[in-house]
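Undergrad: Provided below are the primary sequence and the corresponding predicted coordinates.
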Amino acid sequence: MSNVEQQAILQCKGLSKTYDELSQPVEVLKDVNFSVSRGEQLAIVGSSGSGKSTLLHLLGGLDRPSSGEVFMAGQSLQTMSAAGCGRLRNKTLGFVYQFHHLLPEFTALENVALPLLVRGEPVAHASQSAREILTKAGLAERLEHKPAELSGGERQRAAIARALVTRPACVLADEPTGNLDSRNAAQVYELLLELNLEMGLAFVIVTHDYQMAERAGRVMELKDGSLQG
């Protein structure tokens, strides 16, 4: 294995995905190859329906490819059990989506502490870790507010904090600013880039916003099922 492969948090080789719809196969991804290393910023751009979300699901082990392999922290997901894949995913990755998916009955602090509590961390430690990452996200004064009491931008910041509280090696972000106005979108994207530099995490962001993507360290385009760049 090369040094690049050893350093890669995520890597895919010959990745393809085909869906059977109405007896007519639809090839969404074709022979995709790339890797992402710790600390790297990668933006994957493409039009709506180009397969960006499908690619992210494959990278996160949430779906299986039709052919090819995904390696997470050097381990092939295609040779692992569903339980083993889930454990590795929970240890290695954080996820941010277009919609925040915060639990409405919990405060921002409780929402962000939840992934650590699920892991079995002590309540005091989980709460302190959640408080620290929410402060980094600019929400130190909003810890006890529930999602309905937060603005759209604040909710997305809390969702980012939740993804980072476990200190993952890589965060996968699927249109993380797509549900925000331009001002909040710019602020949330700036936060992602700042935390990438501060925490040394890898970020893979899929977006249709080419202008925003250009701020990432590396940009690739998904077009006609192929990844270019």
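TA: The structure has been received and is ready for your questions.

Undergrad: kindly state the beta-bridge partners for Val96.
TA: Beta-bridge partners recorded for Val96 (DSSP bridges): Ala173.

Undergrad: report the contact partners of it.
TA: Each residue near Val96 by CB atoms under 8 Å, 6 or more residues apart in numbering is listed here: 156, 159-160, 163, 171-174, 176, 192. C-betas here are computed from N, CA, C, even on glycine.

Undergrad: closest to Thr135 among those residues?
TA: Ile160 (12.8 Å; CB to CB).

Undergrad: report the buried residues of the helix or strand encompassing that closest one.
TA: If you go by DSSP states H and E, Ile160 is part of helix 152-164. Neighbour-count burial for helix 152-164, with 16 or more other CB atoms under 10 Å as criterion, is recorded at 153-164.

Undergrad: who's in contact with it?
TA: 94-97, 100-102, 108, 111-112, 114-115, 130, 133-134, 136-139, 142, 145, 147, 150, 171, 173, 176-177, 179-181, 183-184, 187-188, 191-192, 195, 199, 201.

Undergrad: residue contacts, the spatially closest residue to His57 that is not a sequence neighbour?
TA: In space, and not counting its chain neighbours, His57 is closest to Asp63: 4.2 Å by CB to CB, 6 or more residues apart in numbering. Counting by CB under 8 Å, 6+ apart, Asp63 makes contact with 17, 54, 57.

Undergrad: hmm, try it at 10 Å
TA: 17, 53-57, 70 (CB atoms under 10 Å, 6 or more residues apart in numbering).

Undergrad: part of a helix, is it?
TA: No. Counting by DSSP: H, G, I helix; E, B strand; the rest coil, Asp63 falls outside a helix, being coil.

Undergrad: how far away is it from Lys91?
TA: 19 Å (CB to CB, to the nearest Å).

Undergrad: and the helix holding Ile160, how far out from the chain middle?
TA: When distances are taken as CA atoms, centre = their mean, to the nearest Å, helix 152-164 is centred 12 Å away from the chain's centroid.

Undergrad: what's the answer for stretch 11-18, then?
TA: Here stretch 11-18 shows a centroid-to-chain-centroid distance of 18 Å under the convention CA atoms, centre = their mean.

Undergrad: which residues sit against that stretch?
TA: Here stretch 11-18 makes contact (CB under 10 Å, 6+ apart) with 4-5, 25-37, 51, 54-55, 57-59, 63-74, 76-77, 225, 227.

Undergrad: PyMOL command to pick out the buried ones of these?
TA: For the buried members of the contacts of stretch 11-18, the matching PyMOL selection, counting by 16+ other CB under 10 Å, is:
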select buried, resi 28+29+30+32+34+35+36+37+51+54+55+57+58+59+65+68+70+71+72+77+225+227
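
Undergrad: quick one: secondary structure of Leu195?
TA: The local conformation at Leu195, judged by three-state DSSP, is helix.

Undergrad: is it true that it touches Arg167?
TA: No. Using CB atoms under 10 Å, Leu195 is not in contact with Arg167, being 11.2 Å away.

Undergrad: and those two? Which one has more around it.
TA: Leu195 (20 against 13; other CB atoms under 10 Å).

Undergrad: just the pLDDT at the more buried one, thanks.
TA: pLDDT for Leu195: 80.
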